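Peer 1: pasting the structure only:
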């Protein structure tokens, strides 16, 4: 699946989420950033288990319902 994020705001938000997202945690499910696509919004979430980064913006991708955990190394 190929998802394109066109707006600079979303790219900057992903970069900011990488500051929070752990790289080599034993809890594999937090070693990345959650992209939660809803009908009208895109939620970008990262956590270390102690810190949380969450951002919601307008979903302009055309994807209505999808949740993906993108590994931290993929977003670098």
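Peer 2: Received, thanks. Keep in mind it's a predicted model, so treat the numbers as computed, not measured. Numbers count the residues shown, from 1 in each chain.

Peer 1: partner residues bridging the closest residue in space to residue 63 that isn't next to it in sequence?
Peer 2: What sits nearest to residue 63 in space, not counting adjacent residues and going by CB to CB, 6 or more residues apart in numbering, is residue 37, at 4.4 Å. Glycine gets a C-beta too; all of them are placed from N, C-alpha and C. Applying DSSP bridges to residue 37 yields these beta-bridge partners: residue 42, residue 66.

Peer 1: Packing partners of the top helix by length along the chain?
Peer 2: For the chain, the helix with the greatest residue count under DSSP state H is helix 8-20. Applying 3 or more CB pairs under 8 Å, 6 or more residues apart in numbering; DSSP states H and E, we find helix 8-20 packed against strand 32-37, strand 41-47, strand 52-58, helix 72-75.

Peer 1: report the angle between the axes of that helix and strand 52-58?
Peer 2: 170 degrees (axes from the mean of the first three to the mean of the last three CA atoms, to 10 degrees).

Peer 1: Would you mind listing the outside residues contacting helix 8-20?
Peer 2: Helix 8-20 is contacted from outside by 5, 33, 42, 44-48, 51-53, 55, 57, 72, 75-76, using CB atoms under 8 Å, 6 or more residues apart in numbering.

Peer 1: list the contacts for the residue nearest to residue 63?
Peer 2: Applying CB under 8 Å, 6+ apart, the residues near residue 37 are 59, 61, 63-68.

Peer 1: For it, give its distance to residue 44.
Peer 2: 10 Å (CB to CB, to the nearest Å).

Peer 1: Doesn't residue 63 lie inside a strand?
Peer 2: No. Judged by DSSP: H, G, I helix; E, B strand; the rest coil, residue 63 forms no part of a strand; its state is coil.
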